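Novice: below: sequence and its predicted model.
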Amino acid sequence: MTVLENLRKYDVVLASHSPRRRELFGALGIDFRVEVIRGIDETPPPDLPRHAIAEYLSRQKAAAYDISPNELLITADTVVILGDEVMGKPADAAQARSMLRQLSGRTHSVVTGVTVTTADTVHSFSDEALVTFDTLSDQEIVHYVKQYKPYDKAGAYGIQEWIGYIGVKSIHGSFFTVMGLPVQRLYQLLKTL
């Protein structure tokens, strides 16, 4: 028996290749399957406000999926924002080190956008957390990138990994938003469907 009996009528699909999102969503105790949507252009319109990008991308992912009448689709995207710069996923080790050097000793924003789609409805939201890093030494940055290869993570870090343990001074907002899925807000939305 699941806590959200209202979802029993749906085949719940988490459209994400992120193991972190799978872990977080799985912890809600909802039966689901994973689908990966490929070939999505993740370039936002140039005039889109930075804090709207993650939600926009989650909607783009949802729009690319051919939903059937009994499915409930969940898509998400996370961006890291430092000042005026939106940091995506690093292309290589050099870019990952560069991103972490920029984040070192500063506060940045992490925004995760989520879209929940059925055949009849589309609901989207975004959630923001502010993360402050302590000053990171070059040795710490090099070690982290070499050991953890954070190339699939916006801003080149996973807060649940070593760099988060030693480098994050504070978080204002949800830890899970920074991990890539604001599960509390998602759960509240799913209760209403």
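Specialist: Done, it's in. Small disclaimer: the values here were computed from a predicted structure and weren't measured.
Novice: give me the pLDDT for Glu71.
Specialist: The model reports Glu71 with a pLDDT of 97.
Novice: tell me, how many residues neighbour it?
Specialist: Glu71 has 17 neighbouring residues, counting by other Cβ atoms under 10 Å. No exception for glycine: its C-beta is placed from N, CA and C like everyone else's.
Novice: got a list of what it touches?
Specialist: By Cβ atoms under 8 Å, 6 or more residues apart in numbering, Glu71 lies in contact with Tyr10, Asp11, Val12, Val13, Thr118, Ala119.
Novice: run through the bridge partners of it.
Specialist: Asp11 (DSSP bridges).
Novice: kindly provide the distance from it to Ser126.
Specialist: 23 Å (Cβ to Cβ, to the nearest Å).
Novice: what lies in contact with whichever strand or helix holds Ser126?
Specialist: Secondary structure assignment for Ser126, by DSSP states H and E: strand 122-133. Here strand 122-133 makes contact (Cβ under 8 Å, 6+ apart) with 51-52, 54-55, 58-59, 62, 103-117, 159, 167-175, 177-178, 182, 185, 189, 193.
Novice: ok, now with 6 Å
Specialist: Applying Cβ atoms under 6 Å, 6 or more residues apart in numbering, the external contacts of strand 122-133 come out as 54-55, 59, 103-104, 107-116, 167, 169-174, 177-178, 182, 185, 189.
Novice: among these, which ones are buried?
Specialist: Buried members of these, counted by 16 or more other Cβ atoms under 10 Å: 54-55, 59, 103-104, 108-116, 167, 171, 173-174, 177-178, 182, 185, 189.
Novice: where exactly do the strands run in the chain?
Specialist: 11-15, 33-35, 71-82, 85-87, 107-117, 122-133, 168-172 (DSSP state E).
Novice: and the fourth one, what's buried?
Specialist: The neighbour-count criterion (16+ other Cβ under 10 Å) identifies Val86, Met87 as the buried residues of strand 85-87.
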